[in-house]
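Undergrad: task: produce atomic coordinates for the following.
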Amino acid sequence: MHRLSPLPTSYATTRDVLQRVAVHIVARARSQATGRFGLRVTNGGFGTPEFGEDLTRVRVSGGLLVRESGGPEKAHSAAVTIDGSSLTDLAGFAQVDLGAELDVGHDTPPLGDAGQPLGVDVSAAKALGDWYALVAAALDRVVAEAPFAADPSLVQVWPEHFDAALDLTAAPDRRVNLGGSPGDSYHAEPYLYVGPWTDDRPGDPEFWNAGFGAVLGHGELGGAGDPLDAAVSFFRRGIELLAS
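TA: Below you'll find the predicted structure:
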């Protein structure tokens with residue numbers, strides 16, 4: 001059974017710090033090498049896919065920033081604690097240029113004072129990683145159930161909004177975003193969402209409880225017998241209603 005970690009009081013602060021790291025260190029590392037900035041759910045958090053000739057990956061696992069390479073001559077990994085490090089420190093470790101232009105969308109968090117030490121609570125970072133793991137596992141099950149015509153996209157962590165999501169076709173002319181946010185100005189705690197691309201909201205009006213579609217919060221999932229089953233049921237219900 002999948003279990004959700006409780007959210008410590010430091011959660012929101014740590015989440016916001018880790019989003020700055022996601023944008024200005026992790027996504028920047030991929031963008032610098034490939035021009036792309038989409039991230040993946042990885043062990044304990046989020047990170048890049050492999051890139052470059054030496055198959056580099058940069059990722060966050062709990063309170064650590066990890067840099068790995070698996071080139072033809074020798075594989076290598078190193079890690080540094082984020083708490084107490086500055087973005088300048090992390091940029092040197094990850095070999096990224098903080099001065100290079102980077103835009104991951106209109107909600108890109110500012111770089112801020114790159115020399116200021118960062119504060120990350122490990123228990124909050126673990127809760128964030130557990131949330132992403134739940135979202136990714138639920139989306140994998142949705143993909144496994146989806147017909148070929150649904151054409152699901154890749155699950156990615158988008159650094160602008162820090163959500164893990166994919167999109168698929170629920171019915172002809174009805175494509176929908178399915179994902180999970182670690183929390184934001186709209187909803188303080190982590191939440192799952194179903195976001196249709198159209199204005200259609202067929203069927204059960206109680207399901208469509210948000211202006212952009214439907215949400216299911218961390219607290220509601222935490223009270224479920226199995227949060228993973230509850231997450232899959234939520235996504236499945238949205239797809240079924242849009243297909244009706």
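Undergrad: could you use CA atoms for every contact and neighbour count after this?
TA: Noted.
Undergrad: CA atoms only for the worst-scoring helix or strand of the chain on mean pLDDT, dumped as PDB, please.
TA: Ranked by mean pLDDT, DSSP states H and E, the weakest helix or strand in the chain is helix 218-222, scoring a mean of 88. Output of helix 218-222 as PDB, limited to C-alpha atoms (Å, rounded to 0.1, in the frame of the first residue of the first chain):
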ATOM      1  CA  HIS A 218      -3.500  15.800  -0.200                       C
ATOM      2  CA  GLY A 219      -5.800  15.700   2.900                       C
ATOM      3  CA  GLU A 220      -8.500  13.800   1.100                       C
ATOM      4  CA  LEU A 221      -6.000  11.300  -0.400                       C
ATOM      5  CA  GLY A 222      -4.300  10.900   3.000                       C
END
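Undergrad: what's that helix packed up against?
TA: Contacts defined by 3 or more C-alpha pairs under 8 Å, 6 or more residues apart in numbering; DSSP states H and E place helix 218-222 against helix 227-243.
Undergrad: so for the helix it packs on, mean pLDDT?
TA: Helix 227-243 carries an average pLDDT of 97.
Undergrad: for stretch 86-102, same thing?
TA: Average pLDDT, stretch 86-102: 95.
Undergrad: break this structure down into its domains, please.
TA: 11-123, 126-243 (automatic domain parsing).
Undergrad: quick check: end-to-end length of the longest one?
TA: Across its full length, domain 126-243 reaches 36 Å between end residues, using C-alpha to C-alpha, to the nearest Å.
Undergrad: so where's the chain uncertain?
TA: 1, 72, 224 (pLDDT under 70).
Undergrad: swap the cut-off to 80 and go again
TA: 1-3, 5, 71-74, 222-224 (pLDDT under 80).
Undergrad: where do the helices sit along it?
TA: 11-21, 28-34, 87-94, 122-145, 218-222, 227-243 (DSSP state H).
Undergrad: pull out the buried residues from the shortest one.
TA: Think helix 218-222. Buried residues in helix 218-222, counted by 16 or more other C-alpha atoms under 10 Å: 218, 221-222.
Undergrad: from those residues, which single one is nearest Pro159?
TA: His218 (20.2 Å; C-alpha to C-alpha).
Undergrad: hmm, the closest one is touching Glu189, no?
TA: Yes - counting by C-alpha atoms under 8 Å, His218 touches Glu189, with 6.3 Å between them.
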